[in-house]
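Asks: Would you be able to build a 3D model of this:
(one chain, ligands or ions: 2)
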Amino acid sequence: MELVGKSVFGGVAIGKLSIYQKQDNVVKRVKVDDVEAEVTRFQTAKETAKTQLAGLYDKALKEVGEANAMVFEVHQMMLDDLDYVESVENIIRAQGVNAEYAVATTGDNFSQMFAAMDDEYMRGRAADIKDISNRVVDVLSGASAGGINSTEPVILLAEDLAPSETVQLDKSLVLSFVTKLGSTNSHTAILARTMNIPALIGINYPEDVEGKMGIVDGFIGKLIIDPDEETLKKYQKKKEEEEEKARLLLELKGKENVTLDGTKVNLYANIGGVGDVADVLKNDAGGIGLFRSEFLYLESSDYPSEEDQFKAYRTVAENMAGKKVIIRTLDIGADKQVDYFNLKKEDNPAMGYRAIRICLERIEVFKTQLRALWRASYYGKISVMFPMIISVSEVIKIKEIVEEVKKELSDQGIPYGEVEIGVMIETPAAVMITEELAKEVDFFSIGTNDLTQYTLAIDRQNPALDNFYDSHHPAILKMIQMTVENGHKGGAWVGICGELGADTTLTETFLRMGVDELSVSPSRVLSVRNAIRNIDLSK
Ligand code: PEP
Ligand code: MG
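Replies: Numbers count the residues shown, from 1 in each chain. Ligands and ions are numbered 1, 2, ... in the order given. As a prediction, this is how the structure comes out:
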């Protein structure tokens with residue numbers, strides 16, 4: 001039998017299927033004589049639950065990082081929420097009933113209330129309220145946490161998994177997990193990706209599968225139950241290939257990006273959307289050096305709302321758990337056309353109406369994105385950079401708009417974090433004014449794809465010119481050198497996020513120039529790390 005759902009994290013798992021043993025949370029309503037003793041029982045149980053959550057926070061902090069562990073801190077705070085506590089105590093006192101019943105009822109009421117809210121983020125908190133209430137009920141009734149009904153590793157099936165359940169799983173017993181419910185943005189999904197466990201959601205598995213053989217194909221979101229010999233063999237082979245790749249990668253994971261003589265460089269990854277973050281983590285990049293935000297616009301049939309963008313940026317920032325995430329503002333036009341922008345057809349689109357030129361004229365579109373970015377900056381380490389810059393006055397204008405956006409957010413009481421501001425250096429004009437630009441920004445990121453196109457006057461989209469598109473051209477290398485020197489003089493750090501950054505034949509050249517950061521596609525991270533680790537700059 002084959003069931004198709006949605007993949008939360010890729011990979012192949014083969015093993016026995018086992019259904020997660022959830023706690024029996026049927027809570028009985030019992031009349032009590034001493035209501036104050038019952039209130040005290042609740043308070044004690046609440047404190048115990050908080051201690052458990054603090055333990056889970058520490059465990060998650062070590063395993064999956066601060067951003068992902070945060071949920072357990074939030075749960076601790078929720079348990080102290082005055083409305084929540086008052087509701088439980090009122091039910092005990094007014095109805096003269098047991099604490100278990102009062103907590104379960106409060107949990108139900110509050111989660112229904114959250115579930116009915118307009119804001120999707122708040123709706124998502126309904127599961128958190130249920131989770132904390134179940135925990136307190138478990139403490140009150142002396143039950144232990146649910147678990148895995150097996151001593152050998154299994155593909156774990158569950159209706160849904162609360163974050164506290166996910167983090168408590170004995171990972172040595174879990175090959176993969178598969179749930180009927182859950183969303184790609186739930187905490188559980190985030191944790192799963194970070195934990196590196198292939199995982200599927202939206203799989204409506206039958207209940208009579210305990211102990212049967214199963215295959216999870218996390219690449220296409222498929223669960224195969226009771227596979228035939230041929231399928232099993234095919235997947236065993238696929239799994240071995242995956243393991244071999246992982247072994248090679250593993251040797252470099254966790255190692256520093258440092259040359260033989262001790263020079264360190266930041267090695268980040270480029271992404272086009274939220275879905276690429278798993279690859280970034282899998283390949284151990286130190287951050288995201290270029291998030292091409294225009295993909296959010298390209299995937300959409302209308303302007304993506306501030307809320308949708310905020311969610312995407314926030315998810316990326318949270319998943320990166322405090323590591324730097326550099327988001328580039330909208331870079332449409334040229335080869336990236338979006339119908340609903342109704343841009344006029346141009347004879348020469350590569351040199352046309354694109355990127356920051358559009359943003360500086362369609363201020364509302366630009367501001368919507370900036371608001372989303374600054375709002376998301378509260379949840380991680382976000383930097384923002386601007387594409388296709390050709391003049392200082394553009395940067396000054398951008399910074400004015402940024403200030404307006406920040407003021408609006410402050411006036412509305414919406415929090416935001418510290419955001420580094422940078423510009424892409426991808427036009428010869430920008431290179432020539434790097435000395436002046438460096439005074440205005442925190443960093444430069446060199447877009448060698450466009451820089452090559454504009455410096456050599458070669459349309460990067462025209463296959464007939466492939467033989468002329470020489471990104472090793474001395475003009476390009478001199479421009480990179482100049483950018484680094486002027487950037488450093490003016491106090492800006494300098495990275496490369498164009499394809500050339502992953503060219504390992506140039507890694508040494510870049511390091512000798514003093515480049516501070518290289519951002520490459522996730523699958524190239526470890527090979528660039530390998531190159532860096534074999535360079536000796538003292539020679
Ligand atoms: C570049 O031009 O080098 C770059 C990184 O941006 P894009 O390829 O998205 O234009
Ligand atoms: Mg570019």
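Asks: His488 against Val515, yeah?
Replies: No: with contact defined as CB atoms under 8 Å, His488 does not reach Val515; the gap is 10.2 Å. Placement of C-beta: from N, CA and C, glycine included.
Asks: Which of the two has more residues huddled nearby?
Replies: Summary of the neighbour comparison: His488 and Val515, criterion other CB atoms under 10 Å, with Val515 having more neighbours (24 against 15).
Asks: Show the residue spans covered by the strands in the stretch 401-539 of the chain.
Replies: Counting by DSSP state E, counting those that start in this stretch, the stretch 401-539 of the chain forms strands over residues 420-425, 443-446, 493-496, 517-520, given from the N-terminal end onward.
Asks: Asn534 is nearest to which of those?
Replies: For these, distance to Asn534 was read as CB to CB. The smallest value, 14.9 Å, belongs to strand 517-520.
Asks: For the closest one, list the C-alpha coordinates in PDB.
Replies: What follows is the C-alpha trace of strand 517-520 in PDB, where atoms were taken according to Å, rounded to 0.1, in the frame of the first residue of the first chain:
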ATOM      1  CA  GLU A 517      32.400  35.600   3.500                       C
ATOM      2  CA  LEU A 518      31.400  33.200   0.700                       C
ATOM      3  CA  SER A 519      27.800  32.200   0.100                       C
ATOM      4  CA  VAL A 520      27.200  29.300  -2.100                       C
END
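Asks: So for Trp493, what pLDDT did the model give?
Replies: Note for Trp493: predicted pLDDT of 98.
Asks: and what of Glu73?
Replies: Per-residue confidence (pLDDT) for Glu73: 90.
Asks: any idea which element it lies in?
Replies: Assessed by DSSP states H and E, Glu73 sits inside helix 66-79.
Asks: Tell me which residues touch Ile401, please.
Replies: Ile401 makes contact with 363, 366-367, 370, according to CB atoms under 8 Å, 6 or more residues apart in numbering.
Asks: out of those, which is most surrounded?
Replies: Top of these by neighbour number is Leu370, holding 25 neighbours under the definition other CB under 10 Å.
Asks: what's the spacing between that residue and Lys336?
Replies: Taking CB to CB, to the nearest Å as the criterion, Leu370 is separated from Lys336 by 19 Å.
Asks: With Glu361 instead?
Replies: Glu361 sits 17 Å away from Lys336, going by CB to CB.
Asks: who's more crowded, those two?
Replies: More neighbours surround Lys336 than the other of Glu361 and Lys336, with 16 against 10 (other CB under 10 Å).
Asks: ok, now which ones touch the more buried one?
Replies: If you count contacts by CB under 8 Å, 6+ apart, Lys336 has them with 294, 298.
Asks: Now tabulate the strands of the stretch 401-539 of the chain in JSON lines and tack on mean neighbour count and distance to Ala116.
Replies: Formatted as JSON lines, the strands of the stretch 401-539 of the chain follow (neighbours: other CB atoms under 10 Å; distance: least, CB to CB, whole Å):
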{"stretch": "strand 420-425", "mean neighbour count": "24", "distance to Ala116": "39"}
{"stretch": "strand 443-446", "mean neighbour count": "27", "distance to Ala116": "44"}
{"stretch": "strand 493-496", "mean neighbour count": "26", "distance to Ala116": "46"}
{"stretch": "strand 517-520", "mean neighbour count": "28", "distance to Ala116": "43"}
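Asks: Dump those into a markdown table; add distance to ligand 2 as well.
Replies: A markdown table is the format used below for those (distance: least, CB to the ion, whole Å):
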| stretch | distance to ligand 2 |
| --- | --- |
| strand 420-425 | 6 |
| strand 443-446 | 10 |
| strand 493-496 | 12 |
| strand 517-520 | 13 |
